[in-house]
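# Okay, predicted coordinates and the sequence, questions at the end:
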Amino acid sequence: MIKRLQKKYALSEQGARDLIKGCLACVLQNISFMFPVGLLYALVSDLMGGGVPQAKTAFYIAGCVLCGGLILLTTWFQYNATYFATYTESGVRRITLAERLRKLPLSFFGKKDLADLTSTIMADCTFLEQSFSHFIPELFGAIISTLLISISLFFFDWRMALAALWVMPVSFAIVGFSAKVQERMNQKAMDAKMACADGIQECIEAVQDLKANNAEDGYLAGLEKKIRAVEKRSIINEFGLAAFVVTASLILKLGIATVALVGSILLGQGTLSVLTFFMFLLVVARLYDPLQGALQNLAAVISTRTNIGRMNEILDHPIQSGENRLTNNGYDITFSHVGFAYNTGETVLRDVSFTAKQGEVTALIGPSGGGKTTVSRLASRFWDSNTGKITVGGMDISQIDPETLLSLYSIVFQDVTLFDNTILENIRIGNKDATDEEVLAAARLANCDEFAEKLPDKWNSYIGENGCELSGGERQRISIARAFLKNAPIILLDEATASLDVENETLIQTALSRLIRDKTVMVIAHRMRTVAGADKIVVLENGTVAEEGTPQELMEKKGVYARMVKLQNESQNWTIG
């Protein structure tokens, strides 16, 4: 049962146990509300029998105090078992989702965008927080307590019990049968929300380009349509939900009428006592209140299926796993007949084979879309290849846990990600245990001191969201400094010097030459002068290795590499005029 609840509601094991506890607490609370009815029934019985005996006065006073205390106790228990436990589970759920995302391959993120994932972790968890504190425990609590009370009613009079209870299955059936309709409406509403969130995020990120091209009015007009679509879907959802819930509630209220009608007939026939009739009227008046709330809760629980489905999509996605122990002998990276295609099915690499040797710089070059960046992603196991084998020092990387494997790599990507923190702390990400002296040493290797020393707070200067206070070249140098600080045996540089001027590019290359001793270095570059000093060049074209060798050997072949060098040399002579 625990496992089933975990799967059905995207809960942790403790969360599933707390959900059961919350449902039981709601059952006890609802039953405690029926004790005053029983006490009132006994009091009326005594009054109709000639008055309340003096000996029973203390009993009724004690009964009132006991009922009040019991209601207070069960309410306190219900509050703790639902609200407090729910807030704890909400935090656990967000952390679990974040931890799961950390272990998923990048192929998953290729199918998702940032707004969608953020909405799942924040908005969906918030919605479920409300469901598990208000809807689900109260729904099951109302159903279970009502069943227990209903069974007891048959012991008093089965005819009156049927008159009181026939409306319950009909009402719940109406809401239950609306499940598929609600799911369709909720999915459409969710799609509209995601489209709107994507549009807002895109507008914020692209505001500079929109302004530069005078495209703000046109884009905002389209964004307004998306916002209106969210509003429209929300109204339709509310109307659709109300149509089923209100209908079910109206039928539920008919139970009071049928109890009064059947009771009157039986009284007239003399087959029902006035006291029993009075008791049934009291019970149904109290019984239908939680049931009416249960109908609304049932509709709300059905609505959570869309949110739970989005969470389970993350939780159920296969993770990259492997051994936590490295077994490599050296740090040569070998691609052996590797093939790869993204989710679109378009083949990116076909039968790629080469070796990047330890102590050498291996440069990957070729036309855009040739597969250079993909090779670096596969080498670090951000994705897994579809065919072939990739090894590091003879160790099959597909059998190694990605986080363990990445301890061998220092990586600088073309797109730099920085945090709204100081320069020092942004560099320290490369090695969180590094001292300030070690961080500064790595920063100077990357030539960061050239701009950091000029800032008001120097190395303790905050650089804004994603380093917005810095230039592209300065941001990239911080990223390179991280790689220096990590000081891993394998270095992957994906257009690492693309945003640097010639002078700084030369300084970085000088620093790299000091760093790469006895290390495996794989460089992706478009500038031919950047890779002129490489030990080996691998030319990727149309997803295959077109040629490989030293720069001199490839120039003599007069192939793809020689042609690219020639074209870049010619472009340097181009002038505006």
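Structure received. Numbers count the residues shown, from 1 in each chain.
# can you count the residues close to residue 388?
Residue 388: 17 surrounding residues under other Cβ atoms under 10 Å. Placement of C-beta: from N, CA and C, glycine included.
# And it, which helix or strand is it part of?
strand 387-392 (DSSP states H and E).
# any idea of the mean pLDDT for that strand?
Averaged across strand 387-392, pLDDT comes to 91.
# what packs against it?
Where contact means 3 or more Cβ pairs under 8 Å, 6 or more residues apart in numbering; DSSP states H and E, strand 387-392 is packed against strand 333-341, strand 347-356.
# Please dump these into a markdown table; it should also carry mean neighbour count, distance to residue 562 and mean pLDDT for every row.
Formatted as a markdown table, the helices and strands packed on strand 387-392 follow (neighbours: other Cβ atoms under 10 Å; distance: least, Cβ to Cβ, whole Å; pLDDT from 0 to 100):
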| stretch | mean neighbour count | distance to residue 562 | mean pLDDT |
| --- | --- | --- | --- |
| strand 333-341 | 19 | 24 | 90 |
| strand 347-356 | 19 | 19 | 87 |
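# Take those strands and lay them out in TSV including distance to residue 135.
Listed next are the helices and strands packed on strand 387-392 as TSV, based on distance: least, Cβ to Cβ, whole Å:
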stretch	distance to residue 135
strand 333-341	44
strand 347-356	46
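# Adjacent strands (with direction) for the strand holding residue 388?
Partners of strand 387-392 in the sheet, by DSSP bridges, are strand 333-341 (antiparallel), strand 395-396 (antiparallel).
# which parts of that strand are buried?
By neighbour count on 16 or more other Cβ atoms under 10 Å, the buried set for strand 387-392 is 388, 390-392.
# Kindly report the same for stretch 221-236.
223, 226, 229-230, 233.
# and if you look at stretch 425-441?
Buried, per 16+ other Cβ under 10 Å, within stretch 425-441: 426-431, 434, 438-440.
# Same question for stretch 453-468.
Of the residues in stretch 453-468, 455, 459, 461, 463, 467 count as buried by neighbour count, 16+ other Cβ under 10 Å.
# Could you dump the strands paired with strand 387-392 into a markdown table with distance to residue 5 added?
Formatted as a markdown table, the strands paired with strand 387-392 follow (distance: least, Cβ to Cβ, whole Å):
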| stretch | distance to residue 5 |
| --- | --- |
| strand 333-341 | 38 |
| strand 395-396 | 39 |
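# What lies in contact with the strand or helix carrying residue 92?
According to DSSP H and E, residue 92 maps onto helix 85-103. By Cβ atoms under 8 Å, 6 or more residues apart in numbering, the list of residues contacting helix 85-103 from outside reads 10-12, 14-15, 18-19, 21-22, 117, 120-122, 125-126, 128-129, 132-133, 311, 314-315, 317, 319-321, 402.
# May I ask which helix or strand encompasses residue 320?
Per DSSP H and E, there is no helix or strand for residue 320.
# which residues does it contact?
If you count contacts by Cβ under 8 Å, 6+ apart, residue 320 has them with 103-105, 381, 384, 401-402.
# same thing with residue 120?
Counting by Cβ under 8 Å, 6+ apart, residue 120 has contacts 97, 310-311, 314.
# Do a quick rundown of the helices in the stretch 201-350 of the chain.
207-212, 216-269, 274-315 (DSSP state H, counting those that start in this stretch).
# I'd like to know which of these is closest to residue 71.
Residue 71 lies closest, by Cβ to Cβ, to one member of the helices of the stretch 201-350 of the chain: helix 274-315, at 12.5 Å.
# So the protein: which segments form each domain?
Per automatic domain parsing, the domain ranges recorded for the chain read 2-311, 333-415+490-571.
# I'd like to know which of those lies nearest to residue 471.
Nearest of those to residue 471, taken as Cβ to Cβ: domain 333-415+490-571 at 7.8 Å.
# Verify the stated contact: residue 296 with residue 245.
Yes - using Cβ atoms under 8 Å, residue 296 is in contact with residue 245, at 5.6 Å.
# what does stretch 553-561 contact?
Contacts for stretch 553-561 (Cβ under 8 Å, 6+ apart): 365-366, 537, 539, 541, 546-549, 551, 562, 565.
# Among those, which ones are in strands?
Here DSSP state E is the test, and the contacts of stretch 553-561 give 365, 537, 539, 541, 546-549 as lying in strands.
# For the protein, name the helix or strand with the lowest mean pLDDT.
Of the helices and strands making up the chain, the lowest-confidence element is helix 502-515, at a mean of 67, by mean pLDDT, DSSP states H and E.
# Residue 198 contacts residue 113, correct?
Yes - with contacts counted by Cβ under 8 Å, residue 198 reaches residue 113, the gap being 6.1 Å.
# and the nearest residue to residue 220 once chain neighbours are set aside, what pLDDT?
Leaving aside its chain neighbours, residue 220 sits nearest to residue 203 (7.4 Å; criterion: Cβ to Cβ, 6 or more residues apart in numbering). pLDDT for residue 203: 80.
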